[in-house]
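[1] Sequence plus predicted model, see below.
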Amino acid sequence: MRADKEAKGAGFNPGLILGLIIGSGCFWLTIKIVQIVSQS
Amino acid sequence: MNQNNSLWVETRDLQPRLKQPLQGIINLLLVTAFFLLVWWIFMDPRGIIRWYTPQYGYMYIRWILIAAIWQVYIFNYWPFKDSFLNNKHPLIKGLILIGSNIVIVAFMVWVFCYAFLGNLSIPYLNPKVLTGLGMTEFFAREYSSLAILMMAAIASWLSPVWPVCFDNHPWQNLTQPARGFTVWVWTFFLTLIAFLILMHPHYHVLFYPWQEYAAAYPWWYGFARTLSGNFNVGWVMCGTVSIWFLELVFDRYPIRLIKKQPLRGIIGFLFVFTMAWLIFFAFLFLQDVSWGPAVEGAKRLYAPDWRHLHCGELACMMLIPMMTLHFYFDNWPKKYSPSINIAIRCAIIFIATGILHYLYYKYSPPILGTQPGYSHPQQFPMAPVILWINMMLYHYWFMDMYPGKRLATRKERLPVSNLIAEEA
Amino acid sequence: MSDISRREFLKGLAVGGTVGYFAMAGVSSTVMRNSFIPPAKVGAVDIGECKSLKIKVITETSWFNNALLMDDMKKAGGLLVNQYEIPWTNKGVTEGWKGDNAGGYATLVEVEFLDGSTKKILLDTGWNVDWTDTCFKREGIDKMLANGEIDCLFVSHEHFDHFWGIEATLKYRPDIPILVPKGFYQEGFDLLKGANFPKCHLANNVPHTGPLKVQESEKVHKLYPGVASITFDVPIITRVFGEQALVFNLKDKGLAIVTGCCHMGIISLMEHVKQTIKGGDNFYAIQGGLHISPFEDWDPQYDDLVLALHNYGLKTMGCNHCTGYVTAEKFVTIGLPVVKGTAQHKSKRDIFLGNGDMMII
């Protein structure tokens, strides 16, 4: 059980990396929307 | 958590009268209608009293907010007892608590600022003193209103830090009113220090000739590219929004994972401070993206000081969806883990803020009597936004969200075993 | 290989998403900002050239008692109240014009072209009709209007002290071409057609019969060779919107700007000119109301302006009216090339280009 837990804890969470990418992308999208709206 | 530390507003049990989302929508519409009525009566330039001159009315709006925070978060409704809070009809309770709020506002403005500090210490806190020195009545009142409202704004950032981040440490074991007075004195002391450093230098350059002996030269000029205290107004506003983020959106997560005080408080404050600057920089950046970089010495959209102020205004707009979600829609969602709940709430708040921003600048001229345009030196979107927030707080804190919600009855509050014991 | 549950994955996604959003906000607004900010435009519109300018200040004393004017606004509900709803004090003002606090702003701009011909533009038309008419007669504007020597009336903006004296112009020339900025409210158009607004003591009994052009914003309007106007979308106190200014390209000198009130801000105006008009980075002169401390109020933002104005290389400046005496004093202290006036015909101080004064560029 402990070994299992350690094995789980030792791995990384791909959701975190994906989230970082999506989150950054969402802010980039925010900038784009602001640019488009301010120039319309 | 220490018993003394539980706020009545956190432990009360509100039961819905209607199902969501109908309950939230009806309540929100009612409070918005009330806000519009209050704006029309007291603030609207086409309305009855017309206090939005603009600083005079904005001053009262700011003080209502901090007075309510003091009543609820610092004094935990003292001197009103639990029996009053639990049993009085929400409309009557609301009237009495709102009345107390107005008394506090009047005291702080008219007695503490005008009569006491304005007469005995700092002339610009009393319009009559300024008029006596030769200033026109109008600007005397505007200048003093700006200073007084900034005192409230700084207090709105610093006062909640103690209950939210520090759990009132090290006074958590005191009962009311001792704890309330202690935390109030401490946080108001910090407020006055912050005011002297952040706003007082603005008054060095506000008067002619420059008040070189009475106030420091604005120390932020080199990096903020403006002598105006609007630089500090902007990031402090972001600070007040950050503390609300921590309290309402994040449910004090992840700070609440730190068990020991004062470590939790210090980390919490640093978290709020960092978030304030992050929001400030992000909004400065979005303005540069929209309108090009600010130009030193320019006015309106291109003025560095207006851009700083506008960061605060944009941040305050986030408070509307934040409070709407928390107060009117039970801080949805709650069923997932904290991080997922927070992520979804943030996404809703950011999108809703964008929509509110669009609607505000399109419809505020006919609805609020403002002038169209983003940058008007005599208009501050924070004024109507914070008045709207004040009405929400009155509704949530003082009136138990009547009529959409009601306080649970005694039977509903007691555990079943107690009820059985009582009936036996 | 790690065996991650769906729940943990979603939690990670949520944490990463939130942190990623805020982190990108921090990074893009600091280290990466230049890749997102649009580059500054360089002016490309060629407005031609002219030779010289004569600017005659007909009246710059928009009101005579500042405290009374501020009191009128305070009583009405402050700086955002509609100007047409304010009962402006028009009696019993000792330093006023026949007891009326209202004066007005009007300037005559005579431009000489490269071929030696000239045109005259009347910039604004005052407030108090009787005062404006008196000033017109003093400077011969009445005769110039009647003779058709003045090419057009250029109304900078709808403010009471720049536009409400319209009857004084129309009585001599009802069909004068009028240029107004985009943003005029209906009351302004009604006044031109002949209307009465008793609440604010305003009337025009001579309907305008000539051409009326609304100058749109976001454009450079070429009026004559070397002469253009630009309109700004600016919300202004007492419920006014929009202001336009004149830009002259003087051969071998540079650009000269003549404004009514410059509510958009001198530096904002100059930056806009830089980005729209060819040669826009070479400023020579500015003249007019510069709307910095019109009510002798102040804001540290105005000190920012005073300090920054040096960077624009102005060779000569004429300021008056809503510039404010405090501003003018600060300009002089800091060494800006302010042209002094003569403080006559009810202009109070020579630090302003006052009533009857002239500036030749």
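    Arrived safely.

[2] what comes up buried for stretch C:105-116?
    C:Tyr105, C:Ala106, C:Thr107, C:Leu108, C:Val109, C:Glu110, C:Val111, C:Glu112, C:Phe113 (16 or more other C-beta atoms under 10 Å in any protein chain shown). For every residue, glycine as well, the C-beta is placed using N, CA and C.

[3] Excluding chain neighbours, what is closest to the last one?
    Right, the one you point to is C:Phe113. Closest residue to C:Phe113 in three dimensions, ignoring its sequence neighbours and counting by C-beta to C-beta, 6 or more residues apart in numbering or on different chains: C:Cys50, at 5.2 Å.

[4] quick one, what contacts the one you found?
    C:Val111, C:Glu112, C:Phe113, C:Leu114, C:Tyr224, C:Pro225, C:Gly226, C:Val227, C:Phe248, C:Asn249, C:Leu250, C:Lys251 (C-beta atoms under 8 Å, 6 or more residues apart in numbering or on different chains).

[5] is it true that the last one touches C:Ile47?
    This means C:Lys251. No - taking C-beta atoms under 8 Å as the definition, C:Lys251 is not a contact partner of C:Ile47, at 11.9 Å.

[6] quick one: which of the two has more around it?
    Comparing C:Lys251 with C:Ile47 by neighbour count (other C-beta atoms under 10 Å in any protein chain shown), the higher total belongs to C:Ile47, at 25 against 13.

[7] That one and C:His221, how far apart?
    Here the distance between C:Ile47 and C:His221 works out to 9 Å (C-beta to C-beta, to the nearest Å).

[8] Can you pull the residues that touch both of those two?
    Where contact means C-beta under 8 Å, 6+ apart, the residues bridging C:Ile47 and C:His221 through contact with each are C:Ala228.

[9] Give me the phi and psi angles of the residue nearest to C:Phe113.
    As for C:Cys50, its main-chain torsions (degrees, to the nearest 10) stand at phi -130, psi 180.

[10] Show me what it is bridged to.
    Listed by DSSP bridges, the beta-bridge partners for C:Cys50 are C:Leu250.

[11] Help me confirm that B:Tyr203 comes into contact with B:Ala215.
    Yes - applying C-beta under 8 Å as the test, B:Tyr203 and B:Ala215 come out as touching, 5.5 Å apart.

[12] quick one: contacts of the worst-scoring helix or strand of chain C on mean pLDDT?
    Confidence across the helices and strands of chain C bottoms out at helix C:6-28, with a mean of 88, counting by mean pLDDT, DSSP states H and E. The set of residues external to helix C:6-28 that reach it, using C-beta under 8 Å, 6+ apart, is A:13-28, A:31, B:275, B:278, B:281-282, B:285, B:336-337, B:339-340, B:342-344, B:346, B:350, C:4, C:36.

[13] just to confirm, which helix or strand has C:Pro53 in it?
    Quick fix: residue C:53 reads Leu, not Pro. Using DSSP states H and E, C:Leu53 falls within strand C:52-59.

[14] same deal with C:Ile286?
    Element membership of C:Ile286, judged by DSSP H and E, is strand C:283-289.

[15] how close does C:His162 sit to C:Thr125?
    Using C-beta to C-beta, one gets 7 Å for the distance from C:His162 to C:Thr125.

[16] overlap in contacts of those two?
    Shared between the contact lists of C:His162 and C:Thr125 (criterion: C-beta under 8 Å, 6+ apart) are residues C:Gly104, C:Ala106, C:Val155.

[17] Could you list the residues of chain B in contact with chain A?
    On the criterion C-beta under 8 Å from any C-beta of the partner chain, chain A has as its neighbours in chain B the residues B:Leu286, B:Val289, B:Ser290, B:Trp291, B:Ala347, B:Phe350, B:Gly354, B:Tyr358.

[18] From what I see, the third one and A:Lys32 are in contact.
    What it means is B:Ser290. No - counting by C-beta under 8 Å, no contact exists between B:Ser290 and A:Lys32, whose distance comes to 11.7 Å.

[19] More neighbours: those two, which one.
    Using other C-beta under 10 Å, the more surrounded residue of B:Ser290 and A:Lys32 is B:Ser290, with 17 against 12.

[20] Is it correct that the more buried one falls within a strand?
    No - when DSSP: H, G, I helix; E, B strand; the rest coil is applied, B:Ser290 is found to be helix, with no strand at that position.

[21] wait, what's in contact with it?
    A:Val34, A:Gln35, A:Val37, A:Ser38.

[22] how about a cut-off of 7 Å?
    For B:Ser290, the residues meeting the contact criterion (C-beta atoms under 7 Å, 6 or more residues apart in numbering or on different chains) are A:Val34, A:Gln35, A:Ser38.

[23] C:Cys319 and chain B, how far apart?
    Using C-beta to the nearest C-beta, to the nearest Å, one obtains 15 Å as the distance from C:Cys319 to chain B.

[24] Residues in a beta bridge with that residue, which ones?
    Per DSSP bridges, the residues bridged to C:Cys319 are C:Gly288.

[25] Go ahead and confirm it touches C:Val338.
    Yes - C:Cys319 is in contact with C:Val338 according to C-beta atoms under 7 Å; the separation is 6.5 Å.

[26] neighbour-wise, which of those two wins?
    Applying other C-beta under 10 Å to C:Cys319 and C:Val338 shows that C:Cys319 carries more neighbours, namely 28 against 21.

[27] how many neighbours does the nearest residue to B:Tyr361 once chain neighbours are set aside have?
    By the measure of C-beta to C-beta, 6+ apart, the closest residue to B:Tyr361 outside its immediate chain neighbours is B:Tyr374, 6.5 Å from it. B:Tyr374: 19 surrounding residues under other C-beta under 10 Å.

[28] Could you look up the SS state of B:Tyr374?
    Judged by three-state DSSP, the three-state class of B:Tyr374 is coil.
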